[in-house]
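> Any chance you could fold what I've pasted below:
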Amino acid sequence: MNGLTTARARTLRAGTVVFLAGMLCCAVTSGSAHAAPAPTTGAAQAERNVVITDLSCPSADRCMTVGNDASGTRTRAYARLWNGSAWTDTRPRQGGRGNASYLFAVACPSRRVCVAVGDYETSADPLGRPYAQIFRAGKWKVTPVPEPPNDSFSSLSAVGCASARMCVAVGNALAGEHNQTYSVIWNGRKWRIKRLDLPAATTYSRLASVSCSGPRACTASGQYQTHDSSKSRTLIETWSGRAWTRQRTPNPRSGPNGSVLDGVSCWARRGCMAVGHANKLANDGSLTLAARLAGQRWTRSESLDLAAPATSVLLDVECPSRRSCVAVGVSFSQAPTPTTSPLMQAFDGTSWRIDQTPVPAGAFATSPVAVSCAAPGACMAVGNYNPSDPYLRMASPPSIPVALSYDGTAWTLAAAP
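Below you'll find the predicted structure:
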């Protein structure tokens, strides 16, 4: 098949950072959040194997994070709620008769409502079927999601909500030899499939993020390939309330793997920031990529890279205003020994800067994957790290959640979800 193989897609959906061909394949509170204890690396903590995948913060003292708990014999959907000082388990529902359940994205249009999406496996559908669930009145409720016709695998990987009655979710479906993105719209009662506006001759496509500034203004970002090529080009689609429309986006000169926009955030109908990465011309890694919408046109926004690493990527971005964006990602280096480090950047409306990022004591390969801001200077980022060096072991060490809070100037370790 073109693009991601099913196994590789599953690895990405689990939130694992994977580097292939020298390229990465593929919110927080103020005040009390800074006083929260830092994550520990004791024996009890090290026994956990939880992959955090996304985060949404509707207010400074309210955040929902989701992911997957593989600590036992079966992977189960994972969701925890932040109250400004501590996380509590919300007990998400598992897919009906599922052998495994995964949550990959969450959006909270208000303090009382959150929508999470992912997929689940059954004996009849071992590759996965999409599912969504809504958190209201302290409980999760599964809502049926339609699948594209003739697919052998489908999953939802991102969601954005303008209100409890208007959400957009995007994902991927494998039909025949091609893996293509698809979308479903929530109207408060049910999900319905809406066709995307993909370029002609697209043989692989993926939308990795979606942001809604209003019920008729949602923007999704990702990548596409044409004519069975392995070179990706950036993809932006906008939802008008009736139909999807593809936008023209910048694509820097790049190596054979091309360019990707993995995260997007919109503060207005015609004000958005998207981030990702572009393959180096020498095909020996990737550089961060950012694009900004101001009015009618998407243009490059010069994001930054650390000096030493061979590969830098931005995975997510949050913009509470046009003069305040926070992006998170990772940097990867092979020399002198393989290392993975967090990469946090802030945008002030004119330029980007790199912020120092603390990591838990004894942590290896710390990777922030999502960020959410209740307001400028009130952000939280979540991700994962390993309790031992993953490059020195044949088997992957367990994944441990990590959370960081941001006050607009500095990042601080917060309690781990």
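
> Residue 167 contacts residue 190, correct?
No. At 11.5 Å, residue 167 does not count as touching residue 190 under the criterion of CB atoms under 8 Å. Bear in mind the C-beta positions are built from the backbone N, C-alpha and C, glycine included.

> pLDDT wise, what is the residue nearest to residue 211 when sequence neighbours are not counted at?
Spatial nearest neighbour of residue 211, chain neighbours left out: residue 266 (4.5 Å); criterion: CB to CB, 6 or more residues apart in numbering. On the pLDDT scale, residue 266 is placed at 98.

> Name whatever forms a beta bridge with residue 266.
residue 272 (DSSP bridges).

> Surely it and residue 274 touch.
No. At 9.2 Å, residue 266 does not count as touching residue 274 under the criterion of CB under 8 Å.

> so what's the residue nearest to residue 211 up against?
Applying CB atoms under 8 Å, 6 or more residues apart in numbering, we find residue 266 in contact with 211-213, 217-219, 272-273, 293, 319.

> With residue 370 instead?
Counted by CB under 8 Å, 6+ apart, residue 370 has contacts 52-55, 65, 315-316, 328, 381-383.

> what sits in contact with each of residue 266 and residue 274?
Common neighbours of residue 266 and residue 274, counting by CB under 8 Å, 6+ apart, are 219, 293.

> and stretch 117-129, which residues are buried?
Neighbour-count burial for stretch 117-129 flags 117-121, 125, 127-129 (criterion: 16 or more other CB atoms under 10 Å).

> what is the rounded mean pLDDT of that stretch?
Across stretch 117-129, pLDDT averages out at 91.

> For it, measure first residue to last.
End-to-end distance for stretch 117-129, by CA to CA, to the nearest Å: 11 Å.

> Not counting its own residues, what contacts it?
6, 10, 13, 66, 77, 94-106, 130-132, 145, 147, 152-159, 169, 171, 174.

> hmm, back to that, make a markdown table from the contacts of residue 266 and add distance to residue 235 and secondary structure to it.
Formatted as a markdown table, the contacts of residue 266 follow (distance: CB to CB, whole Å; DSSP: H, G, I helix; E, B strand; the rest coil):
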| residue | distance to residue 235 | secondary structure |
| --- | --- | --- |
| 211 | 14 | strand |
| 212 | 17 | strand |
| 213 | 19 | strand |
| 217 | 18 | strand |
| 218 | 14 | strand |
| 219 | 11 | strand |
| 272 | 14 | strand |
| 273 | 16 | strand |
| 293 | 14 | strand |
| 319 | 19 | strand |
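
> Can you add pLDDT and neighbour count and give the residues you listed back as CSV?
Output for those, formatted as CSV (pLDDT from 0 to 100; neighbours: other CB atoms under 10 Å):
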residue, pLDDT, neighbour count
211, 98, 26
212, 98, 22
213, 96, 19
217, 96, 18
218, 98, 28
219, 98, 24
272, 98, 27
273, 98, 27
293, 97, 23
319, 98, 25
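
> Tell me the one of those residues nearest residue 249?
Among those, residue 293 lies closest to residue 249 (CB to CB), at 9.1 Å.

> Quick one: residues contacting residue 186.
Residue 186 neighbours (CB under 8 Å, 6+ apart): 115, 132, 143, 161, 165-169.

> Pop out the phi and psi values for residue 229.
Dihedral angles of residue 229 (phi, psi; degrees, to the nearest 10) stand at phi -80, psi 160.

> how many other residues sit next to it?
Residue 229 has 16 neighbours, counted by other CB atoms under 10 Å.

> If we ignore the residues flanking it in sequence, what's nearest it?
Leaving aside its sequence neighbours, residue 229 sits nearest to residue 203 (CB to CB, 6+ apart; 7.6 Å).

> Surely that neighbour and residue 228 touch.
Yes. Between residue 203 and residue 228 there is a contact under CB under 8 Å: 4.9 Å.

> With neighbour numbers in mind, choose between these two.
More crowded of residue 203 and residue 228, by other CB under 10 Å: residue 203, with 17 against 13.

> Could you measure from that one over to residue 258?
Look at residue 203 and residue 258: by CB to CB, to the nearest Å, they are 13 Å apart.

> Find residues that contact each of those two.
Shared contacts of residue 203 and residue 258, defined by CB under 8 Å, 6+ apart, are found at residue 225.

> Now do the contacts for residue 215.
Here residue 215 is in contact with 162-163, 166, 241 (CB under 8 Å, 6+ apart).

> Now do the phi/psi pair for it.
phi -60, psi -20.

> That one and residue 134, how far apart?
Per CB to CB, residue 215 is found 17 Å from residue 134.

> one step back: mind checking which of the contacts of residue 370 are in strands?
With strands taken from DSSP state E, the overlap with the contacts of residue 370 comprises 52-55, 65, 315-316, 328, 381-383.

> Among the residues you listed, which pair sits farthest apart?
Within the ones in strands among the contacts of residue 370, 65 and 315 form the most distant pair, 14.8 Å apart (CB to CB).

> Those two: who's more crowded?
residue 65 (29 against 26).

> pretty sure residue 86 contacts residue 415?
Yes. Residue 86 lies in contact with residue 415 (CB under 8 Å); the separation is 6.0 Å.

> Which of those two has more residues huddled nearby?
Comparing residue 86 with residue 415 by other CB under 10 Å, the one with more neighbours is residue 415, at 18 against 14.

> quick one, phi/psi of the more buried one?
Torsion angles, degrees, to the nearest 10, at residue 415: phi -60, psi 140.

> ok, now residue 125?
Backbone geometry at residue 125, expressed as degrees, to the nearest 10, gives phi -130, psi 70.
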